[in-house]
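Undergrad: This is a predicted model, with the sequence first.
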Amino acid sequence: MLSKFCVAFAVAAALATSSVVAAQPPAPPKKEVEEPAEAGKGLPAEVATTHTMTFRGEKITFVARAGAVRLRDAKSGAPRVDVSVVSYERSDADPAARPIAFVFNGGPGAASAWLGLGGISPWRLALGPQPPSPSAPPAIVDNAESWLPFVDLVFVDPPGTGFSKFLSDDEETRKSFFSTKGDADALAVVVRKWLSAHRRIGSPKYLVGESYGGFRAVEMLHALRERESVGVEGLVLISPALDFAWLDDDHNLLALAGRLPSYAAVAREARQRADLADVEAYASGEFVVDLLKGVRDQDAMGRLEANVARFTGLGSRIVEEEGGRIGLKTFLRDRKRGEREVVSAYDGEVAGFDPRPFSRESRWPDPVLDGLRAPLGAAMTRVTLDKLQWPVGDARYEILNDRVARDWDFGRGGRAEAESVSTLREELALDRRLEVTIAHGLADLVTPYFVSKLLIDQLPGFGAAPRVKLVTTPGGHMAYLRDDARRMLRDAARAAIERK
């Protein structure tokens, strides 16, 4: 079922009409081809195309670049991997003053199209009613909520994802990239090399990461500063996984407190965090106290079970069987078990059919995550070939690489001890200009918003004005499946980058 815990985002629901209008006439984009820096079996040379679109009444001309950054062995100089990169840059702005954001998805093993065609690039994938259908045609529409009006965008597909291509068959080469430290160090090199190649070293720089990409962005922030001499002004983290111990209720009782408000958000179909004030107060107070009293305290157990049943909407029998400690899989299956449906961990308000509705145990593809893989991967291939004119031929776009997630090395202690809050704490203390915006959908059951709230509360103030902000929207892990959440996310990012 939840085969890959922190995968990144999904795509937006279709609009009957779009407020973005393509420039007339719809002629093929201009194309400029750079000569390849080096011949070989790697990815094609970078291609630049010029486009003009209208975003919310503002006509913008921009250059789209599709290409790759080659990484080499530090000692031998042998090519190791070509990392595919797609960028969008306004043509009417001073590059030295124009902010630029490098965008990463999570997984590990998820390509950047989840966030790119999901919510923030000039184009997005249009889908019908939820849950998404794998057989839906990969319809591409102009994106009214693109971030391009206020920041240039560079989407990076880490090794093993997207069109990125290994240039060595050495298994040790792959292992070096499929690790927390190796990943951050390698992608920091990609950012530095891209900035140098495109003369953007002086631009204000931001990192955008979602899910595991939020963890990745924090670790890259450190690697960029310490090893690549690149400073970053801000982070925008979307549904981030910052501390895995807080996301696994098998090992940490506080993870139950972090997830309970999201269960309530699903049950209530909450659209704003204010609607959850009572459950937040309970989850960070009486709930924790009664959890710690343990299962032999009958009074505590009675209070837990009554309150959890009330907040989650689950039947009292189910809550009693779990001792008030509702696991994620229980909630996903039992919330709509009477209707023979399961809900998505990535958006608890979206449900799909249970393939084994009469079995005691069941395994199922996630209605949101797995429903999006085929149309989103196909859409990115279409954009690459038709709009970006990058000649990748019949190469397959790796939208979600299960092997990367399976083989990922989280370092000593494994995933259970992996956390980036310590790095974030140190970077905030060192750089007084650094600001962080963390955005979550209320119905996200994979990386619940209240976990980030509790983690933020453990950070010092680092100055008079708050430099780490939490923003919540309707929707789930892939919040911009919803039009309103996509707009709210855009506005939060603009405020963060423009320092408003």
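TA: Structure received. Numbers count the residues shown, from 1 in each chain.

Undergrad: Check which element follows the host helix or strand of A68 along the chain.
TA: For A68, the host element (DSSP states H and E) is strand 58-72. Using DSSP H and E, the next helix or strand after strand 58-72 towards the C-terminus is strand 79-90.

Undergrad: what's that following strand packed up against?
TA: Other helices and strands packing on strand 79-90, by 3 or more CB pairs under 8 Å, 6 or more residues apart in numbering; DSSP states H and E, are strand 58-72, strand 152-156, strand 165-166, helix 171-177, helix 180-197. Bear in mind the C-beta positions are built from the backbone N, C-alpha and C, glycine included.

Undergrad: Repeat the analysis, applying 10 Å as the threshold.
TA: Secondary-structure packing of strand 79-90 (3 or more CB pairs under 10 Å, 6 or more residues apart in numbering; DSSP states H and E): strand 47-55, strand 58-72, strand 100-104, strand 152-156, strand 165-166, helix 171-177, helix 180-197.

Undergrad: Using PDB, write down the CA coordinates of it.
TA: Coordinates of the C-alpha atoms in strand 79-90 are reproduced here as PDB (Å, rounded to 0.1, in the frame of the first residue of the first chain):
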ATOM      1  CA  PRO A  79      31.700  10.800 -16.200                       C
ATOM      2  CA  ARG A  80      29.300   9.400 -13.700                       C
ATOM      3  CA  VAL A  81      25.800  10.800 -14.400                       C
ATOM      4  CA  ASP A  82      23.900  13.400 -16.400                       C
ATOM      5  CA  VAL A  83      21.400  15.100 -14.200                       C
ATOM      6  CA  SER A  84      18.400  16.400 -16.300                       C
ATOM      7  CA  VAL A  85      17.400  20.000 -15.600                       C
ATOM      8  CA  VAL A  86      14.500  22.100 -16.900                       C
ATOM      9  CA  SER A  87      14.400  25.900 -16.200                       C
ATOM     10  CA  TYR A  88      12.100  28.800 -16.900                       C
ATOM     11  CA  GLU A  89      13.600  32.300 -16.800                       C
ATOM     12  CA  ARG A  90      11.900  35.700 -17.500                       C
END
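
Undergrad: Quick check: neighbours of that strand in the sheet, parallel or antiparallel?
TA: Its sheet considered, strand 79-90 pairs with strand 58-72 (antiparallel), strand 152-156 (antiparallel), strand 165-166 (antiparallel) by DSSP bridges.

Undergrad: Mind listing what's buried along stretch 304-324?
TA: When burial is assessed from 16 or more other CB atoms under 10 Å, stretch 304-324 yields the following buried residues: 304-305, 307-312, 314, 318-320, 322, 324.

Undergrad: tell me the mean pLDDT for it?
TA: Per-residue pLDDT over stretch 304-324 has a mean of 95.

Undergrad: And it, end to end?
TA: End-to-end distance for stretch 304-324, by CA to CA, to the nearest Å: 5 Å.

Undergrad: chain center to that stretch: distance?
TA: For stretch 304-324, the separation from the chain centroid amounts to 31 Å (computed by CA atoms, centre = their mean, to the nearest Å).

Undergrad: show me the contacts for the spatially most central residue of the chain.
TA: Within the chain, the residue whose C-alpha comes closest to the C-alpha centroid is E210; the distance, by CA atoms, centre = their mean, is 2.3 Å. When contacts are counted by CB atoms under 10 Å, 6 or more residues apart in numbering, E210 touches 6-9, 103-106, 110, 112, 114-115, 118-119, 216-217, 236-241, 439, 447, 477-479.

Undergrad: go on, R433?
TA: For R433, the contacting residues are P204, G231, V232, E233, G234, R467, R499, by CB under 10 Å, 6+ apart.

Undergrad: where along the stretch 201-350 of the chain do the strands fall?
TA: Counting by DSSP state E, counting those that start in this stretch, the stretch 201-350 of the chain has strands at residues 205-210, 234-238, 341-343.

Undergrad: now those in JSON lines, with distance to A45 and mean pLDDT?
TA: Rendered in JSON lines, the data for the strands of the stretch 201-350 of the chain read as follows (distance: least, CB to CB, whole Å; pLDDT from 0 to 100):
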{"stretch": "strand 205-210", "distance to A45": "25", "mean pLDDT": "98"}
{"stretch": "strand 234-238", "distance to A45": "31", "mean pLDDT": "98"}
{"stretch": "strand 341-343", "distance to A45": "46", "mean pLDDT": "94"}
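
Undergrad: What residues sit buried inside the strand holding A68?
TA: Buried residues in strand 58-72, counted by 16+ other CB under 10 Å: I60, F62, V63, A64, R65, A66, G67, A68, V69, R70, L71.

Undergrad: right, and the fifth one touches V154 too?
TA: When you say that, I think you mean R65. Yes: under the criterion of CB atoms under 10 Å, R65 makes contact with V154 at 8.7 Å.

Undergrad: Around V189, how many other residues sit close by?
TA: Around V189 sit 18 other residues, with neighbours defined as other CB atoms under 10 Å.

Undergrad: which residues does the nearest residue to it once chain neighbours are set aside form a beta bridge with?
TA: Residue nearest to V189 in three dimensions, not counting chain neighbours: L71, with 6.2 Å by CB to CB, 6 or more residues apart in numbering. On DSSP bridges, the residues paired with L71 through beta bridges are V81.

Undergrad: and A12, what pLDDT?
TA: According to the model, A12 carries a pLDDT of 32.

Undergrad: circling back to that earlier point, tell me the one among the buried residues of strand 58-72 nearest to A300.
TA: Relative to A300, the closest of those is L71; by CB to CB it sits at 54.4 Å.

Undergrad: you'd agree the closest one is up against R192?
TA: No: counting by CB under 10 Å, no contact exists between L71 and R192, whose distance comes to 11.2 Å.

Undergrad: ok, back up a step: out of the buried residues of strand 58-72, which is nearest to I399?
TA: For the buried residues of strand 58-72, the minimum distance to I399 (CB to CB) is 16.4 Å, reached by A66.

Undergrad: What helix or strand is the residue lying closest to that closest one once chain neighbours are set aside located in?
TA: The shortest distance from A66 to any non-neighbouring residue, by CB to CB, 6+ apart, is to W390 (3.7 Å). Assigning secondary structure by DSSP H and E places W390 outside every helix and strand.

Undergrad: neighbours of W390, just the number please.
TA: When counting by other CB under 10 Å, one arrives at 27 neighbours for W390.

Undergrad: contacting residues for it?
TA: Residues counted as contacts of W390 (CB under 10 Å, 6+ apart) are 31, 33, 43-49, 64-68, 84, 86, 163, 383-384.

Undergrad: Please consider this matter closed, and thank you.
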